[in-house]
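> sequence below, structure please.
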Amino acid sequence: MKKLMLVVLVGLVTMSAVAIAQNQKSNVSAKIFTMSGTVGDDGKTLVSDQNDEWVVSNADTLKQQEGRRVTVRCRLESDKLIIHVISFKLDEVKYSASRGDSAYRR
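This next block holds a predicted model:
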């Protein structure tokens, strides 16, 4: 009888601990965001177009892209300015000329 009561008590404590853990909110967003910016010199930061400096939690993803402009798909942890990069794409610099440029004036 004592063993049965002990097993029931342990089960109740375990289930309540699991319920508490599920109710705690995570600061990491489940939604995927797209952000553009420049990768820092160390590859561990991303400076966004709004001049916010985000720390990259998985810096190995952007390892070879230091100093380049990229567009990343990521999950945010906004209270600590941390992002987890899911994928990235290099931004291409496009040059175009228009008739108003000094090269076309005489």
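> nearest spatial neighbour of the residue nearest the centre of the chain, chain-adjacent residues omitted?
In the chain, the residue lying closest to the centroid (CA atoms, centre = their mean) is I83, at 2.2 Å. Leaving aside its chain neighbours, I83 sits nearest to C74 (4.2 Å; criterion: CB to CB, 6 or more residues apart in numbering). Backbone N, C-alpha and C define where each C-beta goes, glycine included.
> quick check: buried residues in the helix or strand where the one you found lies?
Using DSSP states H and E, C74 maps to strand 69-77. For strand 69-77, the neighbour count (16 or more other CB atoms under 10 Å) marks 70, 72, 74-77 as buried.
> just for the chain, where's the confidence low?
12-13, 15-29, 103-106 (pLDDT under 70).
> any buried residues in stretch 80-93, and which?
82-85, 88.
> just the helices in this protein please.
Using DSSP state H, the helices of the chain run over 2-23.
> related to what we said a few turns ago, and the residue nearest to I83, what is it in contact with?
32-35, 83-86 (CB atoms under 8 Å, 6 or more residues apart in numbering).
> now the end-to-end length of stretch 39-51.
12 Å (CA to CA, to the nearest Å).
> identify the residues contacting that stretch?
With contact meaning CB under 8 Å, 6+ apart, stretch 39-51 is reached by 35-38, 53-56, 59, 62-68, 70, 72, 83.
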